[in-house]
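> No letters, just coordinates:
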């Protein structure tokens, strides 16, 4: 006799990470607010969840938050979009062709090891103040994980898949398109997920120094005017945006995994 598990019993298990992780954050916010009400902390220095929520409401009402999100989102889309396209292409070539790997790998690890923020003065000289410099730093911060994971994904492709495809007459183009790329999709998607997070950091950091708008610019502006509540409200927006991007990337990663080519 076989028994089936009711879907209702699986729901709490799927929701457990949200309940545990979100519950801890809610508890921390409650304790923070109680400490502020009790005078255990200085609201001017630490603010409080109620004040942060009020600041978010004010920013939404004035339209500032929407404008800043639009600016940062556009810079992220451009910077990460270029990084995704270039990173996947370079990574696939590095993983597939040994001599390309020999030529490109030193520069990849140079960029990986170098503090990208330290290059910001040079980027400002090259691109000027404003969105171009922000896009450039977002590109540099996000492209390396994409390249490294894409190259590793190609190297991890089962040789039996390649030999089987070649035995059926697949040329190099068909091999890349129909075998190597599908088989390396999970690793490539992992690189894209890491890259989009680093790209968001690059956008925010870039707006600190050279932006003329965006969430990072708002944080820098409010910090310069000692607006602790406004700074924390903007930081909260960045955290939520990062969580949403990561969740969306994980979903795409799971969907793309179904495209993976496997050899029985």
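Now that the structure is in, tell me what you want to look at. It should be emphasised that the depicted structure is a prediction, and the values quoted were computed from it without experimental measurement.

> Counting neighbours, which bits of the helix or strand hosting residue 85 end up buried?
Using DSSP states H and E, residue 85 falls within helix 64-96. By neighbour count on 16 or more other Cβ atoms under 10 Å, the buried set for helix 64-96 is 65, 68-69, 71-72, 74-76, 78-80, 82-84, 87-88, 90-96. For glycine as for every other residue, the C-beta is placed from the backbone atoms N, C-alpha and C.

> Output the below-cut-off pLDDT ranges for the protein.
When residues are selected by pLDDT under 70, those of the chain lie in 1-23, 170, 256-264.

> Identify the residue nearest the geometric centre of it.
The centroid of the chain falls nearest to residue 197 when counting by Cα atoms, centre = their mean (1.8 Å).

> Isn't it up against residue 242?
Yes - judged on Cβ atoms under 8 Å, residue 197 makes contact with residue 242 at a distance of 6.2 Å.

> Show me where the stretch 1-150 of the chain has its helices.
Along the stretch 1-150 of the chain, the segments classed as helices by DSSP state H, counting those that start in this stretch run 7-37, 43-46, 49-62, 64-96, 98-113, 120-127, 131-155.

> just so I know, which of the ones you listed lies nearest residue 180?
helix 131-155 (5.7 Å; Cβ to Cβ).

> Show me what that closest one is packed against.
helix 64-96, helix 98-113, helix 120-127, helix 185-209 (3 or more Cβ pairs under 8 Å, 6 or more residues apart in numbering; DSSP states H and E).

> so who does residue 142 touch?
With contact taken as Cβ atoms under 8 Å, 6 or more residues apart in numbering, residue 142 is in contact with 79-80, 83-84, 87, 195-196, 198-199, 202.

> Is residue 176 in contact with residue 95, as I believe?
No - at 10.3 Å, residue 176 and residue 95 do not qualify as touching, with contact defined as Cβ under 8 Å.

> ok so, going back, ok, now which ones touch the residue nearest to the centre of the chain?
Counting by Cβ under 8 Å, 6+ apart, residue 197 makes contact with 242, 245-246.

> distance of residue 38 from residue 32?
11 Å (Cβ to Cβ, to the nearest Å).

> Tell me which of those two has more neighbours.
Each of residue 38 and residue 32 has its neighbours counted (other Cβ atoms under 10 Å); residue 32 has more, 18 against 8.

> what residues are up against that one?
With the criterion set at Cβ under 8 Å, 6+ apart, residue 32 makes contact with 41, 46, 48-49.

> If we use 7 Å, what do you get?
Each residue near residue 32 by Cβ atoms under 7 Å, 6 or more residues apart in numbering is listed here: 48-49.

> Residue 163: which of the helices and strands packed on helix 131-155 is closest?
Of all those, helix 64-96 sits nearest to residue 163, with 14.7 Å by Cβ to Cβ.

> Around residue 156, how many other residues sit close by?
So residue 156, with other Cβ under 10 Å, has 12 neighbours.

> Quick check: chain neighbours aside, which residue is closest to it?
Nearest residue to residue 156, sequence neighbours excluded (Cβ to Cβ, 6 or more residues apart in numbering): residue 187, at 6.4 Å.
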